[in-house]
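Student: mind looking at a prediction? Sequence and model below.
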Amino acid sequence: MSACTPRTLITGAGAVALITVALTLPSADAATGPAPDPPSATTAAQRAKEISSSLGDEGAGSYYDAENHMLIVNVTSESAAEKVRAAGAQAKIVKYSLTSLDAARATLKEQAAIPGTTWAMDPRINKVVIVADPTVQGKNLDQLRKVATSLGDRATLTHATTELRPLIAGGDAIWGGTARCSLGFNVIKGGQPYFLTAGHCGKAVQNWSGNQGGTDVAVTDGATFPGDDFSLVKYTAADVVHPSAVDLYGSAQPITKAAEPIVGQKVRRSGSTTHVHNGEVIALDVTANYQQGPVDGLIQTSICAEPGDSGGPLFDGGTALGLTSGGRGNCTLGGETFYQTVREALEKSGSQLG
């Protein structure tokens, strides 16, 4: 093409739907015992995974103290705590193992997968936190309370004031018909350029443009929702530039790798409606029971979002972490958001950051 030909630049940030949910997580007591400081949350997450694999049934999850740069690993015995300290982390002895808490989550999935509910294991309080929105009433609420009670003090039930629901908004935005989504991350598959966004976006839109009513620049290659929440979208326009970066609305953040987050990690989100906001990871492996069906394995953060932010990127510096799936509240009064993990989306879509 000639030097005068305009080119469209699409980086990660932008939304078609925002799904609302709530998860209020109390703080935990401080852990005890000396431990060297991990250099970063990303390193702490990897170290936590390695340590946890050696603990077996005596492991009970982990989290990151961002203020003090400490990795805290929960265990159920002093012998396991010694292993944690020997590995360079701080140990906290708790009542319930991860196996026990996972069993509680399995019971909820089997007996109380009611639309309008969410649950996640909070390692800071060693409990499964269950949240019901205002639509959970009558027999459904009775059943949820019954199941929660059966789990004893492994679980706590709270109530949200806003409904768990999709919000379609008509972000760097990507458009399809009357729907709008945020681009997550540019990726490569088979040597060809693609991008990742939310699965509920790809379910709603087949052909994508960089502006409302504009020429198509990409087509949905595959979309998974519910279950997971990610879409792989293939670029079809040769004049589109697709850098490996996130739009910070005034600058750009280069993205060089993908990683799993850890509870307590400081993170950022970019979206086409509310742009860039900061917060921290509240919970991992969250289940959100949307009206369309459950989505498992989500990341939850303390960051707000609004309709139009769905599909946008969650990141820590140059590290890609997640794709915006849903949230509760807004960026005026505050809110929380949920994210599909990027590593899972890359693996299942056969793509890689590029």
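Tutor: Happy to help now that I have it. Numbers count the residues shown, from 1 in each chain.

Student: name the helix or strand for Ala104, please.
Tutor: helix 98-111 (DSSP states H and E).

Student: pull out the buried positions in that helix.
Tutor: Using 16 or more other Cβ atoms under 10 Å as the test for burial, helix 98-111 gives 98, 100-101, 104-105, 107-108. Where you see a C-beta, it was placed from the backbone N, CA and C, and this is true even at glycine.

Student: can you map out the helices along this structure?
Tutor: Secondary structure of the chain, counting by DSSP state H: helices at 41-52, 78-86, 98-111, 138-150, 199-204, 342-349.

Student: of the buried residues of helix 98-111, which is the nearest to Asp221?
Tutor: Closest approach to Asp221 among the buried residues of helix 98-111 (Cβ to Cβ): Arg105, at 32.0 Å.

Student: ok so, going back, most packed of the helices of the chain?
Tutor: The highest average neighbour count among those, using mean count of other Cβ atoms under 10 Å, belongs to helix 199-204 at a mean of 26.

Student: what's it packed up against?
Tutor: Counting contacts by 3 or more Cβ pairs under 8 Å, 6 or more residues apart in numbering; DSSP states H and E, helix 199-204 packs against strand 17-19, strand 173-176, strand 179-183, strand 216-224, strand 230-235.

Student: about what we covered before: turn the helices of the chain into a markdown table, including distance to Cys304 and mean pLDDT.
Tutor: Putting the helices of the chain into a markdown table (distance: least, Cβ to Cβ, whole Å; pLDDT from 0 to 100) gives the following:
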| stretch | distance to Cys304 | mean pLDDT |
| --- | --- | --- |
| helix 41-52 | 21 | 94 |
| helix 78-86 | 34 | 97 |
| helix 98-111 | 26 | 97 |
| helix 138-150 | 27 | 98 |
| helix 199-204 | 19 | 92 |
| helix 342-349 | 20 | 98 |
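
Student: tell me which of the ones you listed sits nearest to Ile255.
Tutor: It's helix 342-349; of the helices of the chain, that one is closest to Ile255 (Cβ to Cβ) at 9.5 Å.

Student: could you name the helices and strands sitting against that closest one?
Tutor: Counting contacts by 3+ Cβ pairs under 8 Å, 6+ apart, helix 342-349 packs against strand 185-189, strand 192-197, strand 230-235, strand 257-258, strand 319-330.

Student: same thing but 7 Å
Tutor: Using 3 or more Cβ pairs under 7 Å, 6 or more residues apart in numbering; DSSP states H and E, the elements in contact with helix 342-349 are strand 230-235, strand 257-258, strand 319-330.
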